[in-house]
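K.L.:
Pasted the sequence and its predicted model underneath.
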Amino acid sequence: MNNIKMLASLGFCSAGLISECYGLAPEQKRPNILYIMSDDHAYQAISAYGTGLNSTPNIDRIAKEGAIFMKAYVTNSICAPSRAVMLTGKYSHINGKIDNVRPYDWNQINFPKILQQNGYQTALIGKIHLDGIPQGFDYANVLPGQGNYYNPDFIENGVKKKYSGYVTTLTTQFALDWLDKKRDKSKPFCLLYHQKAPHRNWLAEEKYLNLYEDRDFPFPENFFDDYSGRGTAAHTQEMGIVKEMTWGGDMKFENDPYTGKPTNFVQDIKRMDEQQRKAWQAAYNTRNEEFIKNKPEGKDLAKWKYQRYIRDYLKCIQSVDDGVGEVLDYLDKNGMAENTIVVYTSDQGFYLGEHGWFDKRFMYEESFRTPLVIRYPKEIKPGTVINQMVQNLDFAPTFLNYAGVKPQKEMQGESFRQLLNGKSLKWRDAIYYHYYEYPGVHAAKRHYGVRTDRYKLIHFYYDVDEWELYDLEKDPHEMKSVYDDPSYSGIRAELHQKLNDLRVKYKDTDEVTKSFLPEKKN
Ligand code: SGN
Ligand code: CA
């Protein structure tokens, strides 16, 4: 046993001694961590990913001055579970937060708690969507639940208050205020700066209400997908832009343009002040009237709905990107850019019309995958591109690693620092996924699966028992399962084996899966 390990095993690694125990010279400054996360931000809507949809110069700056991950994934593509995974470094079946409905246990260990115990100042600002009082933070100013876009409530260290303004700009303002005035500057910090936007139902900041209205966005090539070539799950989901987007909340009509009946209109309208409401009406009224005159049908209606969706969605992202620019400027102005790790990611991906969908949940690529860019000038070369598969499971061990602290041994992710500093290229060759929230909103069936660099095997279960297999090289848009194609029988067997191995490795056995099934009603 070396000296460090011996000291650690004897319990000598208390707060303050940690940096010495794990090999950091005491005089070496531990990095700050600025962890920026938004909600439902698809990688397709970040210009650094090269899809050409919109322009996000500030998020792109993180990628240019640092690294971009081309294959970053989540373990369970839905909001609250994803956040629980990122905090704990453990899969949903271990941390207990399998869906948006079940309670989250804040008493369990999370990486901010460990950082706090090791001399970090920690803060959580914005959306967290986990019930209960956040633990592990010296300062918390969070939205209740999903939060509101306009004049939202925030809960500051347990005290709820309504604020005037737009949620994205307020969240940024609170983050800057904490960085500048509220933290203990003698300590390194870890700030979770988490935006609600661009979550449904995509309400833009006043100044962006007219952005993109003169642009027609291209349709994904599988926008009119008929789901042939796949099993039941793709056929029975309820996340279609045409079928499931509502006239009120999503399309912003006070009355259904076809029946004239009042819709369940945007709830935030009630929170808006006179001026905000006027800006809204000015932006939507004329366009809505024009639509009512034309009343398109069939594919034209589908296309119109898509354009309204994508424009509103992208407007929300513009405010998120502005906020990123403001915090990056703050670091520059205060000489902190060099010693601060800046991460930008989302709680999961999102469908922007691929397969005709919005929302997420499925293991099909656009929701499974999430954007991830990171900057740390001390260790990461500008322009680094990472092609290995990482998951949100890896955040906790990675941040602890950078802070010079050993992760809790039950954590299931791995530090991806080694990929970024080029020290090791040994890495996993497969990732594991498990989604649970069914029956539930959007009706995406329960499933788990494995993805390798080239293939994806998915098992849909509960009220079906169906397998799908995709060759992502030949079929990147996942239009045809080759599970029953005899020429893939070898690959299929290999993937089944890999899936079993991963279920054993991550302790997600059939018994465990069964324990999370809803009780059958008699
Ligand atoms: C709300 C949305 C859904 C969304 C869930 C979960 N409907 O219910 O579309 O899938 O949240 O989203 S809404 O009309 O109320 O916006 S998550 O990001 O929190 O998981
Ligand atoms: Ca989300």
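P.N.:
Yep, that arrived. Ligands and ions are numbered 1, 2, ... in the order given.

K.L.:
How about the closest residue to ligand 2 within the stretch 301-450 of the chain, nearest residue that isn't a chain neighbour?
P.N.:
Scanning the stretch 301-450 of the chain for the residue nearest ligand 2 gives Asp347, at 4.2 Å (criterion: C-beta to the ion). All C-beta atoms are positioned from the backbone trio N, CA, C, and that covers glycine. Leaving aside its chain neighbours, Asp347 sits nearest to Ser82 (4.4 Å; criterion: C-beta to C-beta, 6 or more residues apart in numbering).

K.L.:
Next, count neighbours for the residue of the stretch 301-450 of the chain closest to ligand 2.
P.N.:
29 (other C-beta atoms under 10 Å).

K.L.:
and what of Lys305?
P.N.:
Neighbour tally, Lys305, other C-beta under 10 Å: 21.

K.L.:
Next: Glu494.
P.N.:
14.

K.L.:
Ala444 too?
P.N.:
Ala444 has 28 nearby residues by other C-beta under 10 Å.

K.L.:
how close does the closest residue to it other than its chain neighbours sit to Met251?
P.N.:
Excluding the flanking residues, the one nearest Ala444 by C-beta to C-beta, 6+ apart is Arg361, at 3.8 Å. Arg361 sits 22 Å away from Met251, going by C-beta to C-beta, to the nearest Å.

K.L.:
So the two - more neighbours on which side?
P.N.:
Arg361 (27 against 21).

K.L.:
per-residue pLDDT, that one?
P.N.:
pLDDT for Arg361: 98.

K.L.:
just to revisit the earlier point, name the element the residue nearest to Asp347 belongs to?
P.N.:
helix 79-88 (DSSP states H and E).

K.L.:
ok, residues contacting that helix?
P.N.:
Helix 79-88 is contacted by residues 37, 39-40, 74-76, 91-92, 94-100, 104, 108-112, 128-130, 136, 199, 347-348, 392-393, 395-396, 411, 436 when judged by C-beta atoms under 8 Å, 6 or more residues apart in numbering.

K.L.:
same thing but 7 Å
P.N.:
Taking contacts as C-beta atoms under 7 Å, 6 or more residues apart in numbering, the residues outside helix 79-88 that touch it are 39, 74-76, 91-92, 95, 97-100, 104, 108-111, 128-130, 347-348, 392-393, 395-396.

K.L.:
How about stretch 242-253 and ligand 1, any contact?
P.N.:
Yes - under the criterion of C-beta under 6 Å from any ligand atom, ligand 1 is reached by stretch 242-253 at Gly249.

K.L.:
List of residues touching that stretch?
P.N.:
201, 238, 256-257, 263-266, 284, 288, 302, 305, 308-309, 356, 358.

K.L.:
that older thread, is any residue of the helix holding Ser82 near ligand 2?
P.N.:
Yes - Helix 79-88 is in contact with ligand 2 by C-beta under 5 Å from the ion, via Cys79.

K.L.:
average pLDDT across the helix or strand following that helix?
P.N.:
Beyond helix 79-88 in the direction of the C-terminus, DSSP H and E gives the next helix or strand as helix 92-95. For helix 92-95, the mean pLDDT works out to 98.

K.L.:
how about helix 92-95 as PDB, C-alpha atoms only?
P.N.:
C-alpha atoms of helix 92-95 as PDB (Å, rounded to 0.1, in the frame of the first residue of the first chain):
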ATOM      1  CA  SER A  92     -32.200   5.200 -11.600                       C
ATOM      2  CA  HIS A  93     -32.800   1.800 -10.100                       C
ATOM      3  CA  ILE A  94     -30.100   2.500  -7.500                       C
ATOM      4  CA  ASN A  95     -30.800   6.100  -6.700                       C
END
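
K.L.:
What are the contacting residues of that helix?
P.N.:
So helix 92-95 is contacted by 75-76, 81, 84-85, 88, 98, 108, 412, 434, 436, 507-508, 512, 516 (C-beta under 7 Å, 6+ apart).

K.L.:
Is there proximity between stretch 121-137 and ligand 2?
P.N.:
No - interface with ligand 2: stretch 121-137 contributes nothing (C-beta under 5 Å from the ion), its closest point being 7.7 Å away.

K.L.:
how long is that stretch end to end?
P.N.:
8 Å (C-alpha to C-alpha, to the nearest Å).

K.L.:
So which bits of it are buried?
P.N.:
121-130, 134-137 (16 or more other C-beta atoms under 10 Å).

K.L.:
closest to ligand 2 among those?
P.N.:
The closest of the buried residues of stretch 121-137 to ligand 2 turns out to be His129 (C-beta to the ion; 7.7 Å).
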